[in-house]
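Engineer: no FASTA, just this:
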Ligand SMILES: Nc1ncnc2c1ncn2[C@@H]1O[C@H](COP(=O)(O)OP(=O)(O)OP(=O)(O)O)[C@@H](O)[C@H]1O
């Protein structure tokens, strides 16, 4: 077994639907395989005990010919399984191969094959099967082929759409650019990535095949030499009043087999798709709290956002990862806070925690958040007022987001103008079309996109223009606070600079408050008055921008600032840090940066550093913060040398 298959089986048997469905399926398969060696009465043997109800002699009773129903159900399982496996395998093989070819090569090949799929889909399934059975007679292999012939276009269309999406992925293009032949790319990169939904669909196909065979047997068109649950149900319904057990037993067996196959399909899909697994599957019901009593009205001095001891944990299997581990800060109205730190330190998790848009495997375990003086999160729970979560009422209208990758954040099949129109109409249902168009034009002018590009689709815009469109979308409802998560990461230096300049300009004009999440110290220095440095889930230093650049007090901030190349002076060797495992660093005793800190002492390794207040809004979690902050620029150069 390949490692992927082993992992899939392991993950499947860890979920209760997986265990349940596999137990039923294995039970039915074992019974079907063991039927010849079990000392069961011959399923075709007729006796004088007609219509016997279930008893210790006849576990499931006897039928109108005195045949033992338990024995017939067990033998019938063989037919059901043969039809399910045979028809589904044949259907998937034919369908996936033709679908992969159509999707991968496109052009006239796709056109021709797609028309063939459509024609087969148009033929009524039962009619085609009846035709085949009428022409060639009723036999089990023919039934299997007939079912496969009517179901393969389903797999073909699924595989075609998978391949169409996958072939534009960068890793597929990279493999082709590296000189790999087409067949290798299809086998190595396309099929393994696109097979999960086909396998899931295969289990549904198996259920359909069993039901179709049962239907054919019910109509007397199945193989008369074999015991089939369908024919048993058919006979049973004619004697329903006299002997209801004749149809109940095969009916229940059929139901259990088809339901288990469908349940198994869901479990396999869940097991094969790491996103479904690690994002926590279905949304959990989160507890909420009522607004606190005595909340006064906000004044000009009330911070737009106050965060106290916020904690967010992810659950992955049995592990808990504290991605945000006790974060506190306060953002004044119209202020700009930059949150910097290396990849994985928890910046995006903090952003999603503030907006309550975390994945399902994330949980806020503690902390309070106040927006404009009103609590939106208390003790880690969302505050609900009048049946609606307060944060729901604030998202986009008062707190907007600029996402990291505009190409992924904008809907690719809708024009930019349409997306802005939708946002306006959703939040301001009464707005007229003319007013909405005026507002869109106004925002386009404001951020420097020519009005002629309003009806462009995202892919028709350049990277910089797309990011501007994303900013326009965030501003369309005139929010007060914008959370920008790496808004310039994928752009070249010149465009980065333009976009940051525009954000700064908009802030001034609209009195916007800003939280800028970035790993780029330069970007943050240009746009924010205060900088918070995050490391392994905590803000380890926060200070006014000038101050943190002149006198960084945390060794980690010093390293980040030291990594900024200087355009003047001699070339200096850049320092590098060992990789950080957020979960391990958070669980370590003492300072979480001690493992990578060149100045770490025993005190650092044993005792968690307190938050040292260095005055002027400068707070740092380092035992030696005062010493480091006091160092002059010359000292720092010396340390680096
Ligand atoms: N859905 C998730 N399930 C489990 N762990 C997650 C999930 N999302 C993030 N993490 C973990 O949480 C930690 C913080 O991740 P986060 O994405 O917030 O970091 P980041 O600083 O924003 O990184 P980047 O700058 O690369 O976006 C990391 O250890 C990451 O592996």
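Structural biologist: Here it is on my side, so go on. None of these values were measured; they are calculated from a predicted model.
Engineer: For residue 524, what are phi and psi?
Structural biologist: phi -70, psi -40 (degrees, to the nearest 10).
Engineer: swap that for residue 590, sorry
Structural biologist: According to degrees, to the nearest 10, residue 590 has phi 80, psi -150.
Engineer: Tell me how far it lies from the ligand.
Structural biologist: Distance of residue 590 to the ligand, computed by C-beta to the nearest ligand atom, to the nearest Å: 20 Å. In short, each C-beta sits where N, CA and C put it, glycine included.
Engineer: excluding its backbone neighbours, what's nearest that residue?
Structural biologist: residue 605 (4.5 Å; C-beta to C-beta, 6 or more residues apart in numbering).
Engineer: Could you verify my assumption that the one you found touches residue 596?
Structural biologist: No. Using C-beta atoms under 8 Å, residue 605 is not in contact with residue 596, being 11.9 Å away.
Engineer: Next one: residue 251 from the ligand, what distance?
Structural biologist: 43 Å.
Engineer: Where does that residue fall, secondary structure wise?
Structural biologist: helix 245-272 (DSSP states H and E).
Engineer: going on from the longest helix seen in the chain, what's the next piece of helix or strand?
Structural biologist: Determined from DSSP state H, the single longest helix within the chain is helix 69-105. Following helix 69-105 in sequence order, the next helix or strand is helix 107-122 (DSSP H and E).
Engineer: How about residues contacting that next one?
Structural biologist: With contact meaning C-beta atoms under 8 Å, 6 or more residues apart in numbering, helix 107-122 is reached by 98-99, 101-103, 149-150, 152-154, 156-157, 160.
Engineer: What residues sit buried inside that helix?
Structural biologist: 110, 113-114, 117, 120 (16 or more other C-beta atoms under 10 Å).
Engineer: Turn the contacts of helix 107-122 into a markdown table, including distance to residue 81, neighbour count and pLDDT.
Structural biologist: As requested, those are exported to a markdown table (distance: C-beta to C-beta, whole Å; neighbours: other C-beta atoms under 10 Å; pLDDT from 0 to 100):
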| residue | distance to residue 81 | neighbour count | pLDDT |
| --- | --- | --- | --- |
| 98 | 26 | 22 | 91 |
| 99 | 26 | 30 | 91 |
| 101 | 30 | 18 | 89 |
| 102 | 31 | 25 | 92 |
| 103 | 31 | 26 | 90 |
| 149 | 20 | 19 | 86 |
| 150 | 20 | 24 | 84 |
| 152 | 20 | 25 | 91 |
| 153 | 24 | 25 | 91 |
| 154 | 21 | 21 | 89 |
| 156 | 24 | 28 | 92 |
| 157 | 26 | 19 | 92 |
| 160 | 29 | 26 | 91 |
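Engineer: Let me have those residues in JSON lines, extended by distance to residue 330.
Structural biologist: Shown next, in JSON lines, are these (distance: C-beta to C-beta, whole Å):
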{"residue": "98", "distance to residue 330": "61"}
{"residue": "99", "distance to residue 330": "56"}
{"residue": "101", "distance to residue 330": "60"}
{"residue": "102", "distance to residue 330": "58"}
{"residue": "103", "distance to residue 330": "53"}
{"residue": "149", "distance to residue 330": "68"}
{"residue": "150", "distance to residue 330": "66"}
{"residue": "152", "distance to residue 330": "62"}
{"residue": "153", "distance to residue 330": "61"}
{"residue": "154", "distance to residue 330": "57"}
{"residue": "156", "distance to residue 330": "58"}
{"residue": "157", "distance to residue 330": "55"}
{"residue": "160", "distance to residue 330": "54"}
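Engineer: Tell me the one of these nearest residue 27?
Structural biologist: residue 154 (28.5 Å; C-beta to C-beta).
Engineer: Relative to the ligand, how far out is the closest one?
Structural biologist: On the measure of C-beta to the nearest ligand atom, residue 154 and the ligand end up 33 Å apart.
Engineer: Apart from its chain neighbours, what residue comes closest to that residue?
Structural biologist: In space, and not counting its chain neighbours, residue 154 is closest to residue 95: 6.6 Å by C-beta to C-beta, 6+ apart.
Engineer: I figured that neighbour was touching residue 160, is that so?
Structural biologist: No. Judged on C-beta under 8 Å, residue 95 makes no contact with residue 160 at a distance of 9.1 Å.
Engineer: so residue 308 makes contact with residue 366?
Structural biologist: No. In this structure residue 308 lies outside contact range of residue 366 using C-beta under 8 Å: 9.2 Å.
Engineer: Sketch out the low-pLDDT regions of this protein for me.
Structural biologist: The chain contains residues with pLDDT under 70 at 1-9, 11-13, 272-285, 406-407, 490-491, 563-583, 632-641.
Engineer: Try it again at 50.
Structural biologist: Counting by pLDDT under 50, the chain contains low-confidence residues at 1, 633-634, 639-641.
Engineer: how does it divide into domains?
Structural biologist: 3-278, 334-357+376-527, 544-564+578-640 (automatic domain parsing).
Engineer: what's the closest of those to residue 325?
Structural biologist: domain 544-564+578-640 (5.3 Å).
Engineer: thinking residue 304 is in contact with residue 479, fair?
Structural biologist: No. Between residue 304 and residue 479 there is no contact, the gap being 10.6 Å when judged by C-beta under 8 Å.
Engineer: the more surrounded of those two?
Structural biologist: Taking other C-beta atoms under 10 Å, residue 304 and residue 479 do not tie; residue 304 has more neighbours (23 against 20).
Engineer: Next one: that one from the ligand, what distance?
Structural biologist: 22 Å.
Engineer: Could you pull up the residues touching that residue?
Structural biologist: 331-335, 371-372, 480-481, 513.
Engineer: if we go to 10 Å?
Structural biologist: Residues near residue 304 by C-beta atoms under 10 Å, 6 or more residues apart in numbering: 298, 330-335, 370-373, 398-399, 480-481, 512-515.
Engineer: so how far is residue 509 from the residue nearest to residue 154?
Structural biologist: From residue 95 across to residue 509, the span is 57 Å (C-beta to C-beta, to the nearest Å).
Engineer: re earlier: between residue 605 and residue 596, point out the one with more neighbours.
Structural biologist: residue 596 (17 against 14).
Engineer: quick one, helices of the stretch 451-600 of the chain?
Structural biologist: Applying DSSP state H, counting those that start in this stretch to the stretch 451-600 of the chain gives helices spanning 463-475, 493-510, 521-527, 545-550, 555-562, 582-587.
Engineer: Those residues of this protein touching the ligand, which are they?
Structural biologist: The interface of the chain toward the ligand, taken as C-beta under 6 Å from any ligand atom, is made up of 278-279, 314, 316, 321, 323, 341, 343-349, 359, 361, 519, 582.
Engineer: quick one: buried residues of stretch 546-563?
Structural biologist: 547-549, 551-562.
Engineer: Widest-spaced pair of those residues?
Structural biologist: Those two in the buried residues of stretch 546-563 that are separated most widely, counting by C-beta to C-beta, are 547 and 559, at 17.3 Å.
Engineer: follow-up on the earlier one: need the residues touching each of residue 95 and residue 160.
Structural biologist: Residues touching both residue 95 and residue 160 (C-beta under 10 Å, 6+ apart): 117, 153.
Engineer: Which residue ranges of the stretch 301-450 of the chain form strands?
Structural biologist: Ranges of strands in the stretch 301-450 of the chain, per DSSP state E, counting those that start in this stretch, are 305-316, 319-331, 336-340, 362-371, 374-378, 381-382, 384-385, 388-389, 399-402.
Engineer: can you tell me which residues contact residue 286?
Structural biologist: Neighbouring residues of residue 286 by C-beta under 10 Å, 6+ apart: 356, 358, 360, 363-364, 380-382, 389.
Engineer: Pull out the buried residues from those residues.
Structural biologist: 356, 358, 363-364, 380-382, 389.
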